[in-house]
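Engineer: A structural model of the following input is requested.
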Amino acid sequence: MEYEAVIGLEVHAQLLTESKIFCSCSTKFGANPNSQVCPICLGMPGVLPVLNERALEYAIRAALATQCEILAKSRFARKNYFYPDLPKGYQISQYEEPLSTNGSLEVESNGLKKKIRIRRIHLEEDAGKLIHEHSQNLSHLDLNRTGVPLIEIVSEPDIASSEEAVSYLKKLRSILIYIGVCDGNMEEGSLRCDANVSLRPKGSQELGTKTEIKNVNSFKFVQKALEYEIRRQLSLLESGGKIVQETRLFDSTKGITFPMRSKEEAHDYRYFPDPDLLPVVADSKWVEDIRSSLPELPGARHKRFIEEYKIPAYDSEVLTASKEVADYFEDCLKYYDKPKTVSNWIMTEVLRELKGEGEGIKTFQITPEKLSELLKLIDDGTINGKIAKDVFNEMVSTNKRAGEVVAEKGVMQISDLSEIEEVISRIIERNPDEVSRYRAGQEKLIGFFVGEVMKATRGKANPKLVNEILKNKLSES
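Structural biologist: Model prediction:
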């Protein structure tokens with residue numbers, strides 16, 4: 001029997017507010033443990049939570065950017081369970097009346113486009129963090145994250161493969177960063193993913209028994225965790241076994257999932273409306289004001305880049321995946337109006353350096369103006385493309401401008417006809433066999449001669465002139 005995977009993702013995104021969702025404690029990452037807490041986020045008796053308006057605004061922005069419908073009224077509920085990182089004994093979330101529903105994202109995987117439905121986006125608070133690495137016998141508890149504002153984005157089970165899941169996650173992360181509501185930092189826990197996965201006979205409409213993989217924090221690990229879990233379930237079904245509904249964790253070192261806890265068919269979290277928080281009524285004019293303030297989203301920007309700048313779809317996809325990179329590209333065009341050339345340099349040289357340094361393009365020392373200066377030096381014949389890459393590397397190392405590097409290194413391109421002709425004459429004289437073979441029809445040997453000339457001039461000769469002069473010289477009898 002053939003089986004197909006059915007995957008749904010629950011993504012938790014930390015909102016970029018300076019304070020927590022129901023109190024004024026800081027949300028800054030990396031503070032000393034338990035230094036950003038107060039009686040409200042610790043759930044002390046008699047305290048009253050107050051909703052952070054900015055958190056609500058950011059949640060609405062995310063909902064609108066993913067085509068969700070904002071409900072006229074939403075309500076916070078208490079999700080009751082006991083765990084050491086939950087000091088109140090309950091988590092404030094939204095349950096029966098979420099902020100928004102019925103959204104969607106269009107993703108592309110293996111060349112095919114597909115719409116993934118979003119069931120709901122709702123607000124909730126984060127829990128604390130258990131730390132196990134300091135002792136074999138003890139766990140430490142850091143409650144700084146308690147009360148940090150999150151949105152939970154729940155997809156429908158429309159995803160059919162690990163590749164589609166990663167495409168969906170990347171698209172969602174890109175949108176959240178574009179609209180300024182989440183920094184998307186998966187290593188710091190700003191974006192986390194729970195994946196629900198099951199198998200069913202191909203063509204069946206009934207869902208199989210699902211397992212949930214908790215808190216996966218990178219695209220690579222999401223893909224590997226899903227691939228392993230699909231293989232594990234398939235092996236069980238084909239051998240006559242039974243899938244057990246459970247929560248599992250992913251071991252990135254071993255590349256496997258393993259059981260965390262069994263999971264009953266229905267949770268009994270004893271949800272009930274939070275008596276300390278009023279229902280949320282989103283004013284329709286405010287919602288429309290937020291909608292009008294949304295920036296150009298990655299999908300729209302991708303299409304515009306293709307149409308306006310006449311660059312290939314692949315280039316546009318790479319450039320618009322990050323808002324900062326897309327901004328950098330357009331800033332370069334203010335100084336140097338050759339989109340394809342700029343695109344090539346960003347995708348190769350610039351992004352290579354950013355990956356190596358692990359820094360964002362906002363802090364990259366080669367500004368759009370500096371990169372444009374370098375490209376102009378190629379156009380005016382001062383340097384050639386090969387030397388330009390060496391100059392670029394020197395600019396990265398020293399933070400000097402292109403003109404300074406060219407002057408200091410003495411790497412200006414040789415465009416003097418007589419100088420190049422003299423070098424070519426010597427090369428032809430030293431290689432009579434290759435000359436005879438070229439004249440006998442082996443025209444690919446032109447590459448050999450070009451290489452020899454470039455070697456003799458330490459890469460400085462103007463390649464266009466070298467090719468022209470060589471062809472003329474070699475065709476002489």
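
Engineer: Now do the contacts for Arg291.
Structural biologist: The contact partners of Arg291, taken as C-beta atoms under 8 Å, 6 or more residues apart in numbering, are Leu64. Backbone N, C-alpha and C define where each C-beta goes, glycine included.

Engineer: Shouldn't it be within a helix?
Structural biologist: Yes: applying DSSP: H, G, I helix; E, B strand; the rest coil, one finds Arg291 inside a helix.

Engineer: how far away is it from Ala65?
Structural biologist: 9 Å (C-beta to C-beta, to the nearest Å).

Engineer: and if you look at Arg232?
Structural biologist: Distance of Arg232 to Ala65, computed by C-beta to C-beta: 35 Å.

Engineer: and the two? which has more neighbours close in?
Structural biologist: For Arg232 and Ala65, the more surrounded residue by other C-beta atoms under 10 Å is Ala65, and the numbers stand at 23 against 17.

Engineer: middle-most residue in this protein, spatially?
Structural biologist: By C-alpha atoms, centre = their mean, the chain has its centre lying nearest to Lys170, at 5.3 Å.

Engineer: quick one: pLDDT of the residue lying closest to that residue once chain neighbours are set aside?
Structural biologist: The spatial neighbour of Lys170 that comes closest, neighbours along the chain excluded (C-beta to C-beta, 6 or more residues apart in numbering), is Phe219 at 6.4 Å. Listed pLDDT for Phe219 reads 93.

Engineer: Need the three-state assignment for the residue nearest to the centre of the chain.
Structural biologist: With three-state DSSP as the criterion, Lys170 reads helix.

Engineer: Please enumerate the helices of the stretch 301-450 of the chain.
Structural biologist: Taking DSSP state H, counting those that start in this stretch as the criterion, the stretch 301-450 of the chain carries its helices at 313-320, 323-335, 339-345, 351-357, 368-379, 385-398, 402-409, 417-430, 432-439, 446-456.

Engineer: How many residues are close by Leu374?
Structural biologist: When counting by other C-beta under 10 Å, one arrives at 24 neighbours for Leu374.

Engineer: How about Glu238?
Structural biologist: 10.

Engineer: The one 4 residues further on too?
Structural biologist: Each residue near Lys242 was counted by other C-beta under 10 Å, and the total is 7.

Engineer: How much space separates the residue lying closest to it once chain neighbours are set aside from Val435?
Structural biologist: Among residues not flanking Lys242 along the chain, Leu236 sits closest, at 7.1 Å (C-beta to C-beta, 6+ apart). Look at Leu236 and Val435: by C-beta to C-beta, they are 70 Å apart.

Engineer: Of these two, which one has the most company?
Structural biologist: Taking other C-beta under 10 Å, Leu236 and Val435 do not tie; Val435 has more neighbours (18 against 14).

Engineer: Was I right to think the residue nearest to the centre of the chain contacts Lys220?
Structural biologist: No: using C-beta atoms under 8 Å, Lys170 makes no contact with Lys220, being 11.5 Å away.

Engineer: so where is this structure shaky, pLDDT-wise?
Structural biologist: Where the chain drops to pLDDT under 70, the residues are 262-267, 356-359, 413, 477.

Engineer: if you set the cut-off to 80 instead, what comes out?
Structural biologist: By pLDDT under 80, the weakly predicted segments of the chain are 133-136, 261-268, 356-359, 409-417, 419, 458, 460, 462-464, 475-477.

Engineer: packing partners for the longest helix anywhere in it?
Structural biologist: Using DSSP state H to define each element, the chain has its longest helix at helix 219-238. Contacts defined by 3 or more C-beta pairs under 8 Å, 6 or more residues apart in numbering; DSSP states H and E place helix 219-238 against strand 3-14, helix 162-178, strand 191-201, strand 211-216, strand 246-251, strand 256-262.

Engineer: relative to helix 219-238, how tilted is the first one?
Structural biologist: Interaxial angle of strand 3-14 relative to helix 219-238 (axes from the mean of the first three to the mean of the last three C-alpha atoms, to 10 degrees): 150 degrees.

Engineer: again with the longest one
Structural biologist: Calculated by the same axes, to 10 degrees, helix 162-178 forms an angle of 150 degrees with helix 219-238.

Engineer: buried residues in helix 162-178?
Structural biologist: Within helix 162-178, the residues that count as buried by 16 or more other C-beta atoms under 10 Å are 162, 164-178.

Engineer: repeat for the first one
Structural biologist: Within strand 3-14, the residues scored as buried using 16+ other C-beta under 10 Å are 3, 5-14.

Engineer: likewise the last one?
Structural biologist: In terms of neighbour count (16+ other C-beta under 10 Å), strand 256-262 has its buried residues at 256-257.

Engineer: before we move on, what about the third one?
Structural biologist: Applying a neighbour-count criterion of 16+ other C-beta under 10 Å, one finds 191-200 buried in strand 191-201.

Engineer: pretty sure Cys41 is touching Leu143, no?
Structural biologist: Yes: taking C-beta under 8 Å as the definition, Cys41 is a contact partner of Leu143 at 7.3 Å.

Engineer: In TSV, list the buried residues of strand 3-14 along with distance to Pro98.
Structural biologist: Compiled in TSV, the buried residues of strand 3-14 are given as follows (distance: C-beta to C-beta, whole Å):
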residue	distance to Pro98
Tyr3	32
Ala5	27
Val6	22
Ile7	21
Gly8	16
Leu9	16
Glu10	13
Val11	14
His12	14
Ala13	15
Gln14	18
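
Engineer: Between those, which sits nearest Glu206?
Structural biologist: Minimum distance to Glu206 across those is 9.9 Å, recorded for Val6 (C-beta to C-beta).

Engineer: Surely that closest one and Ser198 touch.
Structural biologist: Yes: using C-beta under 8 Å, Val6 makes contact with Ser198 at a distance of 5.1 Å.

Engineer: Report the set of residues contacting both of those two.
Structural biologist: In contact with both Val6 and Ser198: 157, 207-208, 210, using C-beta under 8 Å, 6+ apart.

Engineer: And those residues, which two are furthest apart?
Structural biologist: Pro157 and Gly208 (10.3 Å).

Engineer: list residues touching both of these two?
Structural biologist: Joint contacts of Pro157 and Gly208 (C-beta under 8 Å, 6+ apart) are 6, 198.

Engineer: Take the helices and strands packed on helix 219-238 and lay them out in TSV including distance to Ser316.
Structural biologist: Below are these laid out as TSV (distance: least, C-beta to C-beta, whole Å):
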stretch	distance to Ser316
strand 3-14	25
helix 162-178	13
strand 191-201	24
strand 211-216	29
strand 246-251	33
strand 256-262	36
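
Engineer: do you know which of the ones you listed lies nearest Ala300?
Structural biologist: helix 162-178 (10.0 Å).

Engineer: Next, the residues that contact that closest one from outside, please.
Structural biologist: Counting by C-beta under 8 Å, 6+ apart, 7, 9, 11, 13, 62, 65-66, 105-110, 114, 116, 153, 155, 159, 182-184, 186, 191, 193, 195, 219, 222-224, 226-227, 230, 295-298, 320-323 sit against helix 162-178.
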